[in-house]
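Participant: Here is the input, now give the coordinates:
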Amino acid sequence: MLTERQILILKSIIRLYTSHETPIGSKTLMNEAEINFSSATIRNEMGRLEELGFIEKTHSSSGRVPSLKGYRFYVDYLVHPVKIQKKDLAVIKNALGNQFRQLDEIVFQSAELLSQLTSYTAITLGPEIKESILTGFRLVPLNDYQVMAILVTDKGHVENQVVTIPRSMDVNELEKIVRIFNEQLVGLPLMEVFKRLKTEIPLLLNKYVKTNEGILDIFENVFLKAGQDRMHVGGRMNILDFSNELNVEKFKSIYSLMDGTHDLSSLVIPSTTGITVKIGTELNNELFNEFSLITASYDIEGYSSGVIALLGPTNMPYSKMIGLVDVFRNELSKKIIDYYHSVED
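Facilitator: This next block holds a predicted model:
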């Protein structure tokens, strides 16, 4: 266990390194951290912290920087979330106070807003909607070979997608498909809809629709998209600003990963509720060894839950960021609940 003096020095090193982004030496601690110990005592304690693995020496300086173990100790035992500034709270309330027509717009806006407030990369995962109930399905002809498929759920989600239909299919055939979908699928949870698209619906299409080859695959994609997690990444380019070892190839790999919903979801979805912090190698992806990820789940009482995440450097100001994320998730939850209530009314 660390002594009070060692804890004070470790905390000061992390705070100063967060501000200066340069290795911290004993003189800097004496001059800027107002630590009332001799230079020799500070050096001895820094040496002990290094032996214990809480700080480490860089090749280019005699100063020290926090290690993963040091950051972990700091986040677990020393961080006290800072109260969000009134101006930031006003910005959040104002931006989320807008009227939104779709849930996706809220997810998009929240990620962009959190990224702007922090200058980091923000990720918002919308509420799970797989348990949503399909309340409507229709097709709007656009031309001879394209239609817009529109489906609506009880949670206010609207999915529309332009699809190309077989040239041999006429309007009467399309009307039969719409009728079958509405009679057999409307009123069911999306998970049950997916199941019937694989079992009962193909049999009905073969029986009543003359030209149905490939048509089920086309409309199945519309339903699958509606059931996917709604995710948006804000401030992707910000990762260029806080990693000294981010070469072109590594940046491309990270940027590509952010386009993959499944891989990104597995990275940001926390194993527990509340706020969690993963640092460096704890992210289990070598692309992010220089990064930290703060994730927070938000609950929409009576509906479902979602996740917001903040990807930044390991030397981020954790107290400030954790406090901001905590307030942000509560405001986002309120907004989505208001949205659901407005849809139901």
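Participant: Could you pull out the strands in the stretch 201-345 of the chain for me?
Facilitator: Using DSSP state E, counting those that start in this stretch, the strands of the stretch 201-345 of the chain run over residues 231-234, 275-279, 291-300, 304-313.
Participant: and the last one, how far from the chain's centre?
Facilitator: It refers to strand 304-313. 4 Å (Cα atoms, centre = their mean, to the nearest Å).
Participant: how big is the angle separating that strand from strand 275-279?
Facilitator: Strand 304-313 runs at 30 degrees relative to strand 275-279, counting by axes from the mean of the first three to the mean of the last three Cα atoms, to 10 degrees.
Participant: what pairs with strand 304-313, and is each one parallel or antiparallel?
Facilitator: strand 121-125 (antiparallel), strand 291-300 (antiparallel) (DSSP bridges).
Participant: Next: the second one.
Facilitator: Using DSSP bridges, the strands paired with strand 275-279 in its sheet are strand 291-300 (antiparallel).
Participant: State the mean pLDDT of the strand it pairs with.
Facilitator: Across strand 291-300, the average pLDDT comes to 90.
Participant: residues of that strand that come out buried?
Facilitator: For strand 291-300, the neighbour count (16 or more other Cβ atoms under 10 Å) marks F291, S292, L293, I294, T295, A296, S297, Y298, D299, I300 as buried. Glycine gets a C-beta too; all of them are placed from N, C-alpha and C.
Participant: surely the first one meets A309?
Facilitator: No - contact criterion Cβ atoms under 8 Å: F291 and A309 do not qualify, at 11.2 Å.
Participant: quick revisit: which one among the buried residues of strand 291-300 gets closest to V327?
Facilitator: A296 (10.1 Å; Cβ to Cβ).
Participant: From the rest of the structure, what touches the helix or strand where T18 lies?
Facilitator: Here T18, judged by DSSP states H and E, is contained in helix 4-20. Here helix 4-20 makes contact (Cβ atoms under 8 Å, 6 or more residues apart in numbering) with 2, 23-24, 28-29, 32-33, 35, 37, 42, 45-46, 48-49, 54-55, 64-66, 70-71, 73-74, 78, 315-317.
Participant: Can you tell me which of those residues are buried?
Facilitator: The buried subset of these (16+ other Cβ under 10 Å) comprises 2, 23-24, 28-29, 33, 35, 37, 42, 45-46, 48-49, 54-55, 64-66, 70-71, 73-74, 315-317.
Participant: what residue ranges in the protein are flagged as low confidence?
Facilitator: 59-61, 128-131, 155-156, 211-213, 224-230, 243-245, 260-263, 271, 302-303, 343-345 (pLDDT under 70).
Participant: Out of the buried ones among the contacts of helix 4-20, list just those in helices.
Facilitator: Residues of these located in helices (DSSP state H): T28, L29, I42, E45, M46, R48, L49, G70, Y71, F73.
Participant: from these, which is closest to Y255?
Facilitator: Y255 has its nearest neighbour among those in Y71, at 25.1 Å by Cβ to Cβ.
Participant: For E331, which of the strands of the stretch 201-345 of the chain is the nearest?
Facilitator: Closest among those, using Cβ to Cβ: strand 291-300, at 9.2 Å.
Participant: and that closest one, C-alpha only, in CSV?
Facilitator: Provided in CSV are the C-alpha atoms of strand 291-300 (Å, rounded to 0.1, in the frame of the first residue of the first chain):
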residue,chain,number,x,y,z
PHE,A,291,-5.8,5.6,-25.3
SER,A,292,-8.3,5.6,-22.5
LEU,A,293,-12.0,4.9,-22.9
ILE,A,294,-14.7,6.2,-20.5
THR,A,295,-18.0,4.4,-21.0
ALA,A,296,-21.3,5.1,-19.3
SER,A,297,-24.7,3.3,-19.6
TYR,A,298,-27.8,5.4,-19.6
ASP,A,299,-31.3,4.1,-18.7
ILE,A,300,-34.5,5.0,-20.3
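Participant: Now find how far off-centre that strand is within its chain.
Facilitator: Distance, stretch centre to chain centre, for strand 291-300: 7 Å (Cα atoms, centre = their mean).
Participant: Then stretch 276-284?
Facilitator: In terms of Cα atoms, centre = their mean, the centre of stretch 276-284 is set 15 Å apart from its chain centre.
Participant: So for that stretch, what gets flagged as buried?
Facilitator: Per 16+ other Cβ under 10 Å, stretch 276-284 contains these buried residues: T276, V277, K278, I279, G280, E282, L283.
Participant: likewise stretch 195-204?
Facilitator: Within stretch 195-204, the residues that count as buried by 16+ other Cβ under 10 Å are R196, L197, I201, L204.
Participant: so which of these comes closest to G323?
Facilitator: Nearest member of these to G323, counting by Cβ to Cβ, is L197, at 45.2 Å.
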